[in-house]
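In: the sequence isn't on hand, but the structure is:
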Ligand SMILES: Cc1cc2nc3c(=O)[nH]c(=O)nc-3n(C[C@H](O)[C@H](O)[C@H](O)COP(=O)(O)OP(=O)(O)OC[C@H]3O[C@@H](n4cnc5c(N)ncnc54)[C@H](O)[C@@H]3O)c2cc1C
(Lines give C-alpha, C1' and ligand atoms only; values in the text may rest on other atoms or scores of the structure.)
Protein backbone atom coordinates (compact mmCIF):
# COMPACT_ATOMS: atom_id res chain seq x y z
CA UNK A 1 0.00 0.00 0.00
CA UNK A 2 1.27 3.48 -0.79
CA UNK A 3 0.32 6.64 1.06
CA UNK A 4 -1.53 9.45 -0.66
CA UNK A 5 0.82 12.34 -1.49
CA UNK A 6 2.20 14.05 1.63
CA UNK A 7 3.17 17.67 0.94
CA UNK A 8 5.24 18.43 3.99
CA UNK A 9 7.28 16.44 6.52
CA UNK A 10 8.50 18.38 9.56
CA UNK A 11 10.70 17.39 12.47
CA UNK A 12 10.37 20.16 15.09
CA UNK A 13 12.77 20.45 18.04
CA UNK A 14 10.26 21.81 20.58
CA UNK A 15 6.60 21.51 21.57
CA UNK A 16 6.03 25.15 20.57
CA UNK A 17 7.36 24.46 17.06
CA UNK A 18 5.22 21.32 16.77
CA UNK A 19 2.07 23.19 17.75
CA UNK A 20 2.87 26.07 15.41
CA UNK A 21 3.28 23.55 12.57
CA UNK A 22 0.02 21.72 13.20
CA UNK A 23 -2.05 24.90 13.38
CA UNK A 24 -0.90 26.04 9.92
CA UNK A 25 -3.25 23.38 8.51
CA UNK A 26 -6.99 22.79 8.80
CA UNK A 27 -8.04 20.26 11.44
CA UNK A 28 -7.00 16.76 10.40
CA UNK A 29 -4.82 17.84 7.46
CA UNK A 30 -1.67 17.71 9.59
CA UNK A 31 -0.94 14.91 12.07
CA UNK A 32 1.64 14.21 14.72
CA UNK A 33 3.80 11.14 14.23
CA UNK A 34 5.19 9.36 17.30
CA UNK A 35 6.49 5.80 16.83
CA UNK A 36 4.50 5.36 13.63
CA UNK A 37 3.34 1.86 14.62
CA UNK A 38 -0.33 2.72 14.09
CA UNK A 39 -0.23 6.00 12.15
CA UNK A 40 1.96 4.65 9.33
CA UNK A 41 -0.39 1.73 8.70
CA UNK A 42 -3.32 4.15 8.63
CA UNK A 43 -1.47 6.46 6.23
CA UNK A 44 -0.42 3.60 3.93
CA UNK A 45 -3.96 2.23 3.79
CA UNK A 46 -5.22 5.81 3.21
CA UNK A 47 -7.46 5.68 6.25
CA UNK A 48 -5.48 8.85 7.13
CA UNK A 49 -4.50 11.23 4.29
CA UNK A 50 -2.51 13.99 5.96
CA UNK A 51 -1.05 16.81 3.90
CA UNK A 52 1.57 17.36 6.59
CA UNK A 53 3.31 14.96 9.00
CA UNK A 54 4.81 16.51 12.13
CA UNK A 55 7.32 13.97 13.46
CA UNK A 56 7.79 14.34 17.23
CA UNK A 57 10.91 12.21 17.67
CA UNK A 58 13.28 15.20 17.84
CA UNK A 59 11.53 16.77 20.85
CA UNK A 60 13.56 15.94 23.95
CA UNK A 61 11.06 17.56 26.36
CA UNK A 62 8.49 14.86 25.49
CA UNK A 63 10.75 11.97 26.48
CA UNK A 64 11.50 10.22 29.75
CA UNK A 65 10.13 8.72 32.95
CA UNK A 66 10.33 10.75 36.13
CA UNK A 67 9.48 9.61 39.65
CA UNK A 68 9.40 12.36 42.27
CA UNK A 69 8.19 11.78 45.85
CA UNK A 70 6.18 8.82 44.56
CA UNK A 71 4.47 10.78 41.76
CA UNK A 72 5.06 9.47 38.23
CA UNK A 73 5.23 11.38 34.94
CA UNK A 74 5.89 9.66 31.62
CA UNK A 75 6.62 11.89 28.62
CA UNK A 76 4.38 11.24 25.62
CA UNK A 77 7.34 10.23 23.40
CA UNK A 78 8.67 7.66 25.86
CA UNK A 79 8.95 4.33 24.11
CA UNK A 80 7.59 1.06 25.49
CA UNK A 81 11.08 -0.38 25.83
CA UNK A 82 12.10 2.42 28.22
CA UNK A 83 8.99 2.00 30.38
CA UNK A 84 9.37 -1.79 30.47
CA UNK A 85 12.99 -1.45 31.60
CA UNK A 86 12.45 1.29 34.19
CA UNK A 87 13.55 0.21 37.64
CA UNK A 88 11.00 2.15 39.75
CA UNK A 89 7.69 0.94 38.33
CA UNK A 90 6.87 -1.49 41.12
CA UNK A 91 3.79 -1.97 43.27
CA UNK A 92 1.19 0.61 42.30
CA UNK A 93 2.62 1.15 38.81
CA UNK A 94 3.70 -2.42 38.02
CA UNK A 95 0.84 -2.85 35.51
CA UNK A 96 2.63 -0.37 33.23
CA UNK A 97 5.67 -2.62 33.16
CA UNK A 98 3.51 -5.74 32.69
CA UNK A 99 1.87 -4.15 29.63
CA UNK A 100 4.81 -2.44 27.98
CA UNK A 101 7.07 -5.47 28.20
CA UNK A 102 4.57 -7.47 26.10
CA UNK A 103 3.18 -4.90 23.64
CA UNK A 104 3.69 -6.24 20.13
CA UNK A 105 7.12 -7.56 19.18
CA UNK A 106 10.58 -6.10 19.82
CA UNK A 107 10.31 -3.69 16.89
CA UNK A 108 6.98 -2.30 18.12
CA UNK A 109 8.36 -1.90 21.64
CA UNK A 110 11.46 -0.13 20.34
CA UNK A 111 9.42 2.36 18.29
CA UNK A 112 5.96 2.65 19.88
CA UNK A 113 5.27 5.27 22.55
CA UNK A 114 2.84 5.66 25.44
CA UNK A 115 1.60 8.92 23.89
CA UNK A 116 0.92 7.36 20.50
CA UNK A 117 -0.96 4.51 22.10
CA UNK A 118 -3.25 6.60 24.31
CA UNK A 119 -3.92 9.13 21.51
CA UNK A 120 -4.72 6.38 19.00
CA UNK A 121 -6.83 4.42 21.55
CA UNK A 122 -7.15 1.30 19.46
CA UNK A 123 -10.01 -0.98 20.47
CA UNK A 124 -7.83 -3.76 21.90
CA UNK A 125 -4.77 -1.73 22.96
CA UNK A 126 -3.04 -2.55 26.24
CA UNK A 127 -1.77 0.89 27.29
CA UNK A 128 -5.07 2.83 27.36
CA UNK A 129 -6.52 -0.03 29.44
CA UNK A 130 -3.70 0.15 31.97
CA UNK A 131 -3.80 3.97 32.09
CA UNK A 132 -7.55 3.68 32.80
CA UNK A 133 -7.07 1.12 35.58
CA UNK A 134 -4.32 3.28 37.11
CA UNK A 135 -6.43 6.49 36.80
CA UNK A 136 -3.76 8.39 34.87
CA UNK A 137 -4.11 11.99 33.71
CA UNK A 138 -3.37 13.08 30.13
CA UNK A 139 -1.57 16.46 30.07
CA UNK A 140 -2.32 18.40 26.89
CA UNK A 141 -1.09 21.70 25.44
CA UNK A 142 -2.60 23.84 22.67
CA UNK A 143 -1.04 26.42 20.36
CA UNK A 144 -2.76 29.31 22.19
CA UNK A 145 -0.61 28.50 25.21
CA UNK A 146 -3.37 26.84 27.21
CA UNK A 147 -2.81 23.54 28.97
CA UNK A 148 -5.24 21.10 30.52
CA UNK A 149 -5.16 17.79 32.27
CA UNK A 150 -7.83 15.21 31.40
CA UNK A 151 -8.53 12.22 33.65
CA UNK A 152 -8.44 8.82 31.96
CA UNK A 153 -12.16 8.33 32.71
CA UNK A 154 -12.91 11.40 30.55
CA UNK A 155 -10.16 10.95 27.95
CA UNK A 156 -10.96 7.56 26.39
CA UNK A 157 -14.24 8.03 24.54
CA UNK A 158 -14.35 4.78 22.50
CA UNK A 159 -12.32 3.04 19.79
CA UNK A 160 -10.03 5.58 18.04
CA UNK A 161 -11.79 8.39 19.94
CA UNK A 162 -10.33 10.53 22.71
CA UNK A 163 -11.01 13.93 24.27
CA UNK A 164 -7.86 15.36 22.64
CA UNK A 165 -8.60 18.15 20.15
CA UNK A 166 -6.79 18.17 16.79
CA UNK A 167 -4.86 21.31 17.81
CA UNK A 168 -3.62 19.77 21.07
CA UNK A 169 -0.42 17.84 21.69
CA UNK A 170 -0.13 15.27 24.47
CA UNK A 171 2.79 16.26 26.69
CA UNK A 172 2.75 13.45 29.21
CA UNK A 173 0.72 10.97 31.23
CA UNK A 174 0.98 11.44 35.00
CA UNK A 175 -0.07 10.13 38.38
CA UNK A 176 0.11 11.59 41.89
CA UNK A 177 1.88 9.52 44.54
CA UNK A 178 -0.34 6.48 45.15
CA UNK A 179 -1.68 5.64 48.62
CA UNK A 180 0.40 3.11 50.56
CA UNK A 181 -0.42 -0.58 50.00
CA UNK A 182 -1.45 -0.07 46.37
CA UNK A 183 -0.69 -2.73 43.77
CA UNK A 184 -1.53 -3.20 40.11
CA UNK A 185 -1.17 -5.83 37.40
CA UNK A 186 -2.03 -6.41 33.73
CA UNK A 187 -2.13 -9.45 31.49
CA UNK A 188 -3.37 -10.02 27.97
CA UNK A 189 -4.21 -13.10 25.99
CA UNK A 190 -4.03 -13.26 22.20
CA UNK A 191 -3.79 -15.88 19.48
CA UNK A 192 -0.17 -14.83 18.97
CA UNK A 193 2.03 -13.58 21.78
CA UNK A 194 3.46 -10.56 19.98
CA UNK A 195 0.22 -8.88 18.97
CA UNK A 196 -2.86 -7.07 20.15
CA UNK A 197 -4.88 -9.08 22.65
CA UNK A 198 -8.23 -10.81 22.32
CA UNK A 199 -8.79 -9.77 25.95
CA UNK A 200 -6.57 -7.85 28.39
CA UNK A 201 -7.35 -7.21 32.07
CA UNK A 202 -5.79 -4.53 34.30
CA UNK A 203 -6.45 -4.25 38.05
CA UNK A 204 -5.39 -1.73 40.72
CA UNK A 205 -6.20 -2.26 44.41
CA UNK A 206 -5.45 -0.28 47.56
CA UNK A 207 -5.55 -2.01 50.94
CA UNK A 208 -6.12 -0.49 54.37
CA UNK A 209 -3.78 -1.18 57.29
CA UNK A 210 -5.77 -4.32 58.11
CA UNK A 211 -5.34 -5.69 54.59
CA UNK A 212 -8.89 -5.01 53.44
CA UNK A 213 -9.44 -3.55 49.97
CA UNK A 214 -10.45 0.12 50.26
CA UNK A 215 -10.37 1.02 46.53
CA UNK A 216 -10.27 -0.93 43.28
CA UNK A 217 -10.20 -0.16 39.59
CA UNK A 218 -10.54 -2.77 36.88
CA UNK A 219 -10.22 -2.10 33.14
CA UNK A 220 -10.60 -4.34 30.10
CA UNK A 221 -9.13 -4.38 26.61
CA UNK A 222 -10.63 -6.26 23.68
CA UNK A 223 -14.36 -5.53 23.98
CA UNK A 224 -16.10 -3.82 21.07
CA UNK A 225 -16.45 -0.49 22.88
CA UNK A 226 -12.69 -0.27 23.55
CA UNK A 227 -10.91 0.26 26.86
CA UNK A 228 -13.51 0.33 29.63
CA UNK A 229 -13.94 0.05 33.41
CA UNK A 230 -15.43 -3.04 35.04
CA UNK A 231 -17.28 -1.15 37.75
CA UNK A 232 -19.50 -4.09 38.79
CA UNK A 233 -16.36 -6.04 39.65
CA UNK A 234 -14.69 -3.12 41.39
CA UNK A 235 -17.60 -2.88 43.83
CA UNK A 236 -17.22 -6.57 44.68
CA UNK A 237 -13.49 -6.29 45.41
CA UNK A 238 -13.87 -3.38 47.84
CA UNK A 239 -14.16 -4.77 51.36
CA UNK A 240 -12.57 -8.10 50.43
CA UNK A 241 -9.07 -9.29 51.26
CA UNK A 242 -8.46 -10.62 47.80
CA UNK A 243 -9.85 -14.08 48.57
CA UNK A 244 -10.27 -16.22 45.44
CA UNK A 245 -14.06 -16.35 45.98
CA UNK A 246 -14.27 -12.53 46.05
CA UNK A 247 -12.10 -12.18 42.96
CA UNK A 248 -14.12 -14.81 41.10
CA UNK A 249 -17.35 -13.02 42.05
CA UNK A 250 -15.91 -9.72 40.80
CA UNK A 251 -14.70 -11.09 37.47
CA UNK A 252 -17.87 -13.16 37.05
CA UNK A 253 -20.00 -10.03 37.46
CA UNK A 254 -17.95 -8.22 34.80
CA UNK A 255 -18.02 -11.20 32.41
CA UNK A 256 -21.78 -11.71 32.80
CA UNK A 257 -22.49 -8.05 32.01
CA UNK A 258 -19.82 -7.63 29.29
CA UNK A 259 -21.01 -6.76 25.80
CA UNK A 260 -18.62 -9.34 24.30
CA UNK A 261 -18.56 -9.90 20.56
CA UNK A 262 -17.65 -12.84 18.34
CA UNK A 263 -15.10 -12.54 15.56
CA UNK A 264 -12.44 -14.63 13.79
CA UNK A 265 -10.24 -14.64 16.91
CA UNK A 266 -12.75 -15.74 19.54
CA UNK A 267 -16.47 -15.99 20.17
CA UNK A 268 -18.30 -14.03 22.84
CA UNK A 269 -18.36 -16.89 25.37
CA UNK A 270 -14.62 -17.39 25.00
CA UNK A 271 -14.02 -13.68 25.64
CA UNK A 272 -16.15 -13.86 28.79
CA UNK A 273 -14.21 -16.93 29.95
CA UNK A 274 -10.96 -15.01 29.38
CA UNK A 275 -12.22 -12.17 31.57
CA UNK A 276 -12.83 -14.71 34.37
CA UNK A 277 -9.55 -16.62 34.06
CA UNK A 278 -7.20 -13.72 33.27
CA UNK A 279 -9.08 -11.60 35.79
CA UNK A 280 -8.45 -14.11 38.59
CA UNK A 281 -4.72 -14.21 37.83
CA UNK A 282 -4.32 -10.44 37.43
CA UNK A 283 -6.35 -9.48 40.51
CA UNK A 284 -4.49 -12.03 42.65
CA UNK A 285 -1.19 -10.51 41.49
CA UNK A 286 -2.40 -6.95 42.17
CA UNK A 287 -3.37 -7.93 45.74
CA UNK A 288 0.01 -9.64 46.23
CA UNK A 289 1.81 -6.52 45.05
CA UNK A 290 -0.32 -4.29 47.31
CA UNK A 291 0.72 -6.46 50.27
CA UNK A 292 4.33 -5.91 49.21
C1 LIG B 1 2.75 -5.69 14.83
C2 LIG B 1 2.10 -4.82 15.85
C3 LIG B 1 1.72 -5.38 17.07
C4 LIG B 1 1.13 -4.57 18.04
N5 LIG B 1 0.78 -5.15 19.23
C6 LIG B 1 0.24 -4.39 20.20
C7 LIG B 1 -0.08 -4.95 21.48
O8 LIG B 1 0.17 -6.13 21.77
N9 LIG B 1 -0.65 -4.12 22.39
C10 LIG B 1 -0.89 -2.80 22.13
O11 LIG B 1 -1.40 -2.11 23.00
N12 LIG B 1 -0.59 -2.25 20.95
C13 LIG B 1 -0.04 -3.00 19.97
N14 LIG B 1 0.27 -2.43 18.77
C15 LIG B 1 0.00 -1.00 18.54
C16 LIG B 1 1.17 -0.18 19.11
O17 LIG B 1 1.04 -0.15 20.50
C18 LIG B 1 1.32 1.28 18.59
O19 LIG B 1 2.61 1.64 18.87
C20 LIG B 1 0.48 2.35 19.23
O21 LIG B 1 -0.83 2.04 19.00
C22 LIG B 1 0.81 3.71 18.60
O23 LIG B 1 1.93 4.29 19.18
P24 LIG B 1 2.99 5.05 18.27
O25 LIG B 1 3.95 5.69 19.18
O26 LIG B 1 3.54 4.14 17.25
O27 LIG B 1 2.09 6.22 17.63
P28 LIG B 1 1.81 6.63 16.13
O29 LIG B 1 1.38 5.43 15.37
O30 LIG B 1 2.93 7.41 15.60
O31 LIG B 1 0.60 7.64 16.37
C32 LIG B 1 -0.69 7.15 16.72
C33 LIG B 1 -1.67 8.33 16.82
O34 LIG B 1 -1.37 9.15 17.95
C35 LIG B 1 -1.18 10.50 17.56
N36 LIG B 1 -0.13 11.02 18.44
C37 LIG B 1 1.04 10.41 18.72
N38 LIG B 1 1.73 11.12 19.64
C39 LIG B 1 0.98 12.21 19.93
C40 LIG B 1 1.15 13.31 20.84
N41 LIG B 1 2.23 13.44 21.63
N42 LIG B 1 0.17 14.23 20.91
C43 LIG B 1 -0.94 14.12 20.12
N44 LIG B 1 -1.15 13.10 19.26
C45 LIG B 1 -0.21 12.15 19.17
C46 LIG B 1 -0.78 10.45 16.09
O47 LIG B 1 -1.10 11.64 15.43
C48 LIG B 1 -1.63 9.28 15.60
O49 LIG B 1 -2.94 9.69 15.34
C50 LIG B 1 0.88 -3.19 17.79
C51 LIG B 1 1.29 -2.62 16.57
C52 LIG B 1 1.90 -3.42 15.61
C53 LIG B 1 2.34 -2.80 14.32
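Out: Structure's in. What do you need? Please read all numbers here as calculations on a predicted model, not as lab measurements.
In: count of neighbours near the residue in the stretch 151-292 of the chain positioned nearest to the ligand?
Out: Residue of the stretch 151-292 of the chain nearest the ligand, by C-beta to the nearest ligand atom: residue 170 (3.6 Å). No exception for glycine: its C-beta is placed from N, CA and C like everyone else's. The tally of other residues near residue 170 (other C-beta atoms under 10 Å) stands at 26.
In: so it sits in a helix?
Out: No. The assignment for residue 170, made by DSSP: H, G, I helix; E, B strand; the rest coil, is strand rather than a helix.
In: identify the residues contacting the helix or strand of the chain with the lowest mean pLDDT?
Out: Lowest on mean pLDDT, DSSP states H and E among the helices and strands of the chain sits helix 39-44, with a mean of 94. The contact list for helix 39-44 (C-beta atoms under 8 Å, 6 or more residues apart in numbering) reads 1-4, 6, 31, 33, 48-50, 53, 116, 120.
In: let's see that with 10 Å instead.
Out: Helix 39-44 is touched from outside by 1-4, 6, 31-33, 36, 47-50, 53, 111, 116, 119-120, 160, with contacts defined as C-beta atoms under 10 Å, 6 or more residues apart in numbering.
In: list the buried residues in it.
Out: Buried residues in helix 39-44, counted by 16 or more other C-beta atoms under 10 Å: 39, 42-43.
In: could you point out which element follows the helix or strand containing residue 154?
Out: Using DSSP states H and E, residue 154 sits in helix 152-155. Next helix or strand after helix 152-155 toward the C-terminus (DSSP H and E): strand 156-158.
In: close to the ligand, is the helix or strand just after that following strand?
Out: Sequence order places strand 161-162 as the next helix or strand after strand 156-158, per DSSP H and E. No. Strand 161-162 does not reach the ligand (C-beta under 6 Å from any ligand atom); its nearest approach is 8.8 Å.
In: now strand 161-162, how far from the centre of its chain.
Out: Computed by C-alpha atoms, centre = their mean, to the nearest Å, the separation of strand 161-162 from the middle of its chain amounts to 12 Å.
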